[in-house]
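1. using only what follows, build the 3D model:
(one chain, ligands or ions: 2)
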Amino acid sequence: MAGDTQKPPINHTPQHHSPPATMSAPIAAAATTVPYDRDAEIRALDATTSGVSGLFASGISELPRMFRVTDPQPQQQEAVTTTMAADQEAMLVIDLAMADHEKLVAAIRHAASEWGFFQVTGQGVPAEVISGVIDGTRAFHESDGGEGSEKARLYSRDVTRKVKYNCNHDLYVSKVASWRDTLQLTMAPEAPEPSELPENCRSRSKPELLDIDCNQGQLFTCHYFPPCTNPELAIGITPHSDSTFMTVLLQDDAGGLHILYKDRWVEVKPLPGASIILSNDKFPSVKHKVVLKKTTKPRVSIACFAAHPTSKRRSTPKHPPRSPSPAAAMSAPVATAAYDRLAELHALDATTSGISGLVATGLTEIPRIFRVPDPTPQHEAAAMAADDEESATLPVIDLAMADHEALVTAIGLAASEWGFFQVINHGVPAEVVSGTVDGTKAFHESAGGEGTEKARLYTRDLARKVKYNCNHDLYKSKVASWRDTLQLTMAPEPPAPEELPEQCHYLTDIECNKGQVITCHYYPPCPKPELAMGLGMHSDSSFMTVVFQDQVGGLQGRLLPFPAFSHPHRWSRVVFTGSHDLAC
Ligand SMILES: O=C(O)CCC(=O)C(=O)O
Ligand SMILES: [Fe+2]
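-> Ligands and ions are numbered 1, 2, ... in the order given. This next block holds a predicted model:
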């Protein structure tokens with residue numbers, strides 16, 4: 001991979017549709033010593049208002065650096081890719097026109113619950129409507145960009161616009177840009193005026209979705225993936241699952257869509273005239289991605305997201321248990337004795353040293369109060385979301401960037417698209433961060449028992465400004481989390497220094513104590529992490545959350561439903577990190 005000094009920033013006139021000469025110059029211009037300015041490269045591409053199609057049309061011979069995945073290519077490192085057996089392939093193509101209604105429902109239910117996806121034929125949408133939609137999308141993306149063009153008129157990152165076109169909705173926040181341009185149309189509840197649509201799309205009928213309740217919102221994303229000079233180094237679409245009720249997907253014959261099934265990526269081969277259905281809500285949301293191919297043909301796909309405000313995202317399809325069934329494991333240690341959960345909770349509470357105290361006793365099995373029932377959605381999600389490729393694209397924002405407007409735009413985008421982001425160069429001195437982390441650790445790792453600080457602070461009294469306990473909701477939750485917490489209420493009136501644990505005294509004289517509640521979590525090593533929860537799925541209710549985490553990792557987020565039905569202010573989460581990766 002090119003080093004940080006190898007690629008000059010691109011620099012060219014806004015509104016001009018051909019990319020600058022420097023961008024088409026070979027990436028490996030190793031001789032130059034100009035530092036790489038990714039931000040400038042991104043802004044220059046955005047200013048062309050013709051995305052990667054414009055880059056391709058200009059005849060570039062090397063993939064610009066902003067599109068290059070880190071070396072070695074994550075797509076090749078992750079789950080193996082296999083092809084689908086012919087009988088499976090046939091089973092996953094469902095003829096909606098089949099006479100036997102019961103058989104049809106059973107086939108759909110089976111495919112949706114087992115795979116989270118299927119293809120349909122006989123859907124009553126005339127072939128020319130489907131090809132018309134694909135051709136219209138292609139024609140729009142292949143039209144000229146530049147001043148006065150439709151592309152320039154529609155190029156936008158304004159989330160409130162019903163018709164917008166851009167190159168990567170997350171261009172300013174992802175680490176690696178995807179080789180894809182997208183025209184996005186919000187068709188329901190209120191469709192745009194025909195005059196707002198690109199000309200190529202006006203006369204086409206939209207693919208019909210059932211006029212049912214679950215379809216109160218409709219969003220079409222019309223993707224275009226130009227041929228790529230280095231497909232092995234670029235991303236089509238990163239692995240994700242959709243958050244809306246159901247996705248109807250049309251793809252042309254180029255292929256490249258993969259779905260994750262039982263830890264393997266399986267390509268969904270194009271089937272002329274068929275629509276692909278990605279299920280959700282009551283059924284699992286299949287994880288999918290687009291892999292680029294070495295080809296001279298572009299790829300076109302249209303995803304129609306059907307939304308319902310109350311629709312719930314489910315996790316990925318069933319996977320074979322990764323460990324002995326939790327149910328079996330749970331019954332093992334207590335096979336004969338009657339299980340008294342309340343007594344177990346009281347016993348733990350009475351130690352006043354939480355899980356750290358349990359771990360210090362050298363236990364090899366996790367007690368039953370911490371065991372998740374078989375299988376919880378959180379658990380499947382946790383197993384599935386451990387995906388480095390996806391996390392590689394999580395938004396990271398440099399607070400020290402010089403361009404204030406670009407900074408504000410990046411934060412706005414990250415907060416509305418992801419509800420979370422990481423910041424670097426945030427100006428909090430490294431020693432303050434490491435002091436907080438170390439103090440937290442030292443407290444949690446100190447001895448418990450009579451006469452200790454832990455015993456002094458162990459409480460469930462909400463009125464106390466400084467309290468320490470194992471799970472604030474220990475007596476209410478169904479499954480206890482593998483986590484101890486020290487909670488400090490720092491505003492409006494901070495506690496007196498002597499109320500704080502000794503390890504945290506310095507917290508009283510730093511600026512950040514103007515914050516309100518600080519929770520200092522500690523997740524001791526767990527003998528059976530696959531059976532326990534760290535922190536259950538939730539969203540925070542306060543205005544904003546700042547999280548420091550150490551290098552151990554484990555924090556996972558889920559994407560929101562698309563903006564029509566999201567409540568970003570309720571979901572917003574901000575993660576602070578830094579060159580040291582922080583913990584608290
Ligand atoms: O291009 C494709 O086949 C997939 C599109 C997709 O996954 C999406 O838009 O969410
Ligand atoms: Fe998708």
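2. can you list contacts of whichever strand or helix holds Gly132?
-> Using DSSP states H and E, Gly132 sits in helix 127-142. With C-beta atoms under 8 Å, 6 or more residues apart in numbering as the test, helix 127-142 has contacts from 53, 150-151, 165, 181, 183, 198, 200-201, 204-207, 222-224, 226, 250, 252, 272-273, 275, 298, 300, 302. For glycine as for every other residue, the C-beta is placed from the backbone atoms N, C-alpha and C.
3. I figured Asp349 hits Leu474, correct?
-> Yes: applying C-beta atoms under 8 Å as the test, Asp349 and Leu474 come out as touching, 6.8 Å apart.
4. who in the chain is up against ligand 1?
-> Thr221, His223, Ile237, Asp242, Leu249, Gln251, Leu257, His288, Val290, Ser301, Ala303 (C-beta under 6 Å from any ligand atom).
5. count the neighbours of the second one for me.
-> The one in question is His223. His223 sits with 22 neighbouring residues when counted by other C-beta atoms under 10 Å.
6. surely Leu171 touches Asp46?
-> Yes: taking contacts as C-beta under 8 Å, Leu171 lies within contact range of Asp46: 6.6 Å.
7. ok so, going back, buried among the contacts of helix 127-142? Need that as a selection in PyMOL.
-> Of these, the buried ones can be selected in PyMOL as follows, counting by 16 or more other C-beta atoms under 10 Å:
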select buried, resi 53+150+151+165+181+183+198+200+201+204+206+207+222+223+224+226+250+252+275+298+300+302
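8. so which of the contacts of helix 127-142 belong to strands?
-> In strands, defined here by DSSP state E, the members of these are Tyr165, Asp181, Leu183, Cys222, His223, Tyr224, Leu250, Ser275, Val300, Ile302.
9. show me where pLDDT drops low in the stretch 451-584 of the chain?
-> By pLDDT under 70, the low-scoring segments of the stretch 451-584 of the chain are 491-492, 505-516, 536-545, 548, 551-584.
10. all helices of it, in order?
-> Per DSSP state H, counting those that start in this stretch, the stretch 451-584 of the chain carries helices over the ranges 453-457, 568-571.
11. by contact count, what packs against the one helix or strand Asp39 maps to?
-> Counting by DSSP H and E, the element that carries Asp39 is helix 38-47. Using 3 or more C-beta pairs under 8 Å, 6 or more residues apart in numbering; DSSP states H and E as the contact test, the elements touching helix 38-47 are helix 21-24.
12. show the average pLDDT along the helix it packs on.
-> Along helix 21-24, the predicted confidence averages to a pLDDT of 39.
13. so where's the stretch 101-250 of the chain shaky on pLDDT?
-> Of all residues in the stretch 101-250 of the chain, those with pLDDT under 70 make up the ranges 203-217.
14. which residues of it fall in helices?
-> So, for the stretch 101-250 of the chain - with DSSP H, counting those that start in this stretch - the helices run 101-114, 127-142, 150-154, 199-202.
15. put the alpha carbons of the shortest one into PDB.
-> Presented in PDB, the C-alpha positions along helix 199-202 are these (Å, rounded to 0.1, in the frame of the first residue of the first chain):
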ATOM      1  CA  GLU A 199     -35.300  13.000 -17.000                       C
ATOM      2  CA  ASN A 200     -34.200   9.400 -17.500                       C
ATOM      3  CA  CYS A 201     -36.500   8.300 -14.700                       C
ATOM      4  CA  ARG A 202     -39.600  10.300 -15.400                       C
END
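16. which residues sit against that helix?
-> Outside of helix 199-202, the residues within contact range by C-beta under 8 Å, 6+ apart are Gly136, Thr137, Ala139, Phe140, Ser143, Glu150, Leu183, Leu185, Pro194, Cys222.
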